[in-house]
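Student: below is the sequence, then the predicted model.
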Amino acid sequence: DTAVSQTPKYLVTQMGNDKSIKCEQNLGHDTMYWYKQDSKKFLKIMFSYNNKELIINETVPNRFSPKSPDKAHLNLHINSLELGDSAVYFCASSQNGRRGQGGHTIYFGEGSWLTVV
Amino acid sequence: AQSVSQHNHHVILSEAASLELGCNYSYGGTVNLFWYVQYPGQHLQLLLKYFSGDPLVKGIKGFEAEFIKSKFSFNLRKPSVQWSDTAEYFCAASGGSQGNLIFGKGTKLSVKP
């Protein structure tokens, strides 16, 4: 079973459209993340949720809105897509805890390749 | 500000050569350190991690890394690389209670058969 699964894996869409990427984890973790990997392979945190509560919200356009219906799911909705949104979006999860007990190991999903044309 | 820097953008080696990829971090307080690998078209996989204890950490596929606190470094090593090690390697750090990872810009490793 895939621990962190996200759908769709590939998405090609036109500028101006609205799209969503879904993410689910079956690890029982309490924290989930969205990372963006740009064309230069640089990875950067976008959002982080802990027990459905937003705890990290980096400088991301308002067109990006995460939604966490429960602690096992964190979906990413993107409005009015732009060419610059083309990237790979990785969902991830972790169980926060004391250091030394695996509390900060983050497990990644397989990525969603978004291409805006 | 918290940051992770990787010195090499692209490393090209022949099979059986030894590998060392540099990673330095800037982090206030305690820090957790990681190396992830991303094979072409694939997702990120954890190679190894350091939380505390023995500063020499062994990971999967024959990789190891050494945490040197005085140098703020966490370099990745492998004695003998294989063609299948061709991938992008990311050093990352986290700290505090949030557990969020900050990544270096990655090092692309190309191994010639």
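Tutor: Noted; the coordinates are in hand.

Student: count the residues that sit near the nearest residue to B:K78 once chain neighbours are set aside.
Tutor: Sequence neighbours aside, B:L19 is the residue nearest to B:K78 in space, at 4.4 Å (criterion: CB to CB, 6 or more residues apart in numbering or on different chains). (Glycine included, C-beta is placed from N, CA and C.) By the measure other CB atoms under 10 Å in any protein chain shown, the count of residues near B:L19 is 20.

Student: ok, B:L19 touching B:W35?
Tutor: No - with the criterion set as CB atoms under 8 Å, B:L19 and B:W35 do not qualify as a contacting pair; they are 11.7 Å apart.

Student: identify the contacts common to these two.
Tutor: When contacts are counted by CB atoms under 8 Å, 6 or more residues apart in numbering or on different chains, the set common to B:L19 and B:W35 consists of B:L76.

Student: how close does B:H9 get to chain A?
Tutor: Summarising the geometry, the distance separating B:H9 from chain A, computed by CB to the nearest CB, to the nearest Å, is 10 Å.

Student: let me see the contact set for that residue.
Tutor: Contacts for B:H9 (CB under 8 Å, 6+ apart) come out as B:105, B:107-108.

Student: repeat the analysis, applying 7 Å as the threshold.
Tutor: The contact partners of B:H9, by CB atoms under 7 Å, 6 or more residues apart in numbering or on different chains, come to B:107-108.

Student: same thing with A:L54?
Tutor: Contact analysis of A:L54 by CB under 7 Å, 6+ apart lists A:F47.

Student: now do the SS call for it.
Tutor: Using DSSP: H, G, I helix; E, B strand; the rest coil as the criterion, the local structure at A:L54 reads strand.

Student: what separates it from A:I21, distance-wise?
Tutor: Separation of A:L54 from A:I21 (CB to CB, to the nearest Å) stands at 17 Å.

Student: tell me the mean pLDDT for whatever helix or strand A:I45 lives in?
Tutor: Assessed by DSSP states H and E, A:I45 sits inside strand A:43-50. The average of the pLDDT scores along strand A:43-50 is 88.

Student: partner strands of it, with direction?
Tutor: Strand A:43-50 sits in its sheet next to strand A:31-37 (antiparallel), strand A:53-57 (antiparallel), going by DSSP bridges.

Student: following the chain onward from the shortest one, which element is next?
Tutor: With elements assigned by DSSP H and E, the helix or strand that comes after strand A:53-57 is strand A:64-70.

Student: hang on, isn't A:L114 packed against A:Y89?
Tutor: Yes - in this structure, A:L114 is within contact of A:Y89 by CB atoms under 7 Å, at 6.1 Å.

Student: and the helix or strand of chain A with the lowest mean pLDDT with strand A:64-70, angle?
Tutor: For chain A, using mean pLDDT, DSSP states H and E, the weakest element among its helices and strands is strand A:53-57, scoring a mean of 77. Angle, strand A:53-57 to strand A:64-70, by axes from the mean of the first three to the mean of the last three CA atoms, to 10 degrees: 150 degrees.

Student: for strand A:53-57, buried residues please.
Tutor: A:55-56 (16 or more other CB atoms under 10 Å in any protein chain shown).

Student: how distant is that strand from the center of its chain?
Tutor: Shown here is strand A:53-57, whose average C-alpha point lies 12 Å from the average C-alpha point of the whole chain (CA atoms, centre = their mean, to the nearest Å).

Student: pick out the residue closest to the middle of chain A.
Tutor: A:W34 (2.5 Å; CA atoms, centre = their mean).

Student: ok, now which ones touch it?
Tutor: Taking CB under 7 Å, 6+ apart, we find A:W34 in contact with A:46-47, A:66, A:74, A:76, A:89, A:91.
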